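>>> Give me coordinates for this.
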Amino acid sequence: MIADAPCATDAVVLAAGLSRRTFPRHKLLARDANGRPMIATTIRRIQASTVRRIIIVLGHRADEVHDAIMPWLDAHRPLPHLIHAPDHARGLSASLRTGIEAAQAGRADAALICLADMPLVPTGLLDRMIAAHAACHPSAVTVMHGGRRGHPVLWDRRMFPDLLRIDGDRGARDLLRRMGHGLLQLEAGPEIHEDFDTPARLERFSTLSPVS
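Prediction:
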């Protein structure tokens, strides 16, 4: 059983992308069967977890994404900190660096990197990842299903300097491949692979009623 221990984990939500694959629709503004925007469901699930702070990295159509989040927040939980990635158009790594810089400035022990277009990742999984890191402080905690790695990924603060050096649109995949024994893997459900970044997937999302 994983023991609890004090650990300041910040969730970094990457929500700055250009939504090129769903153009002209912005995927994060798409609504489910209950009328809730995708980004709002993602944030509500993270709000319900044991993260210390939520950092939402905005970029493309930032004002609209902000407005889609605010009415759906849980007022009884800490409100997210919204920041802007000025160079978000340069790729995923630009948004990642912006979020990690904010976590580092806030003296976070770890950063849980969440993708805004994955609203089905359950709160319980986020808490398992945070607890696993608190128990043994690996360099990173990843999740697996069917032999494939998915999202989110939790990074110990020791890895922040490496994350800040990443460039391009590939995120931290290459860094994970090089890690070896510093990587802790947890088994999870199929939702760690469920993103909604094509027109067909957005149509499917519109029929769902995810519960936060």
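
>>> CA only for contacts and neighbour counts going forward, please
Fine.

>>> what about stretch 64-84, average pLDDT?
The average pLDDT within stretch 64-84 is 95.

>>> Return the set of buried residues in that stretch.
65, 66, 68, 69, 73, 80, 83, 84 (16 or more other CA atoms under 10 Å).

>>> can you give me the strands for the protein?
Listed in chain order, the strands of the chain (DSSP state E) span 9-15, 53-58, 81-84, 110-115, 140-145, 148-149, 153-156, 183-187.

>>> Can you say which of the ones you listed is packed in most?
strand 9-15 (a mean of 28; mean count of other CA atoms under 10 Å).

>>> Give me the angle between that strand and strand 53-58.
20 degrees (axes from the mean of the first three to the mean of the last three CA atoms, to 10 degrees).

>>> May I ask which helix or strand of the protein has the lowest mean pLDDT?
Every helix and strand of the chain was ranked by mean pLDDT, DSSP states H and E. The lowest is helix 173-177, at a mean of 87.

>>> about what we covered before: I'd like the strands of the chain laid out as a markdown table, including distance to residue 25.
Listed next are those as a markdown table, based on distance: least, CA to CA, whole Å:
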| stretch | distance to residue 25 |
| --- | --- |
| strand 9-15 | 15 |
| strand 53-58 | 17 |
| strand 81-84 | 21 |
| strand 110-115 | 18 |
| strand 140-145 | 29 |
| strand 148-149 | 28 |
| strand 153-156 | 27 |
| strand 183-187 | 33 |
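
>>> The residue most central in space within the chain bridge partners, please.
Central residue of the chain (CA atoms, centre = their mean): residue 114, 0.8 Å from the mean position. Taking DSSP bridges, one obtains residue 13 as the residues bridged to residue 114.

>>> residues touching it, list them.
By CA atoms under 8 Å, 6 or more residues apart in numbering, the residues touching residue 114 are 11, 12, 13, 14, 151, 152, 153.

>>> now the helices for the chain?
With DSSP state H, the ranges of helices along the chain come out as 38-47, 62-69, 92-105, 123-136, 160-164, 173-177, 199-205.
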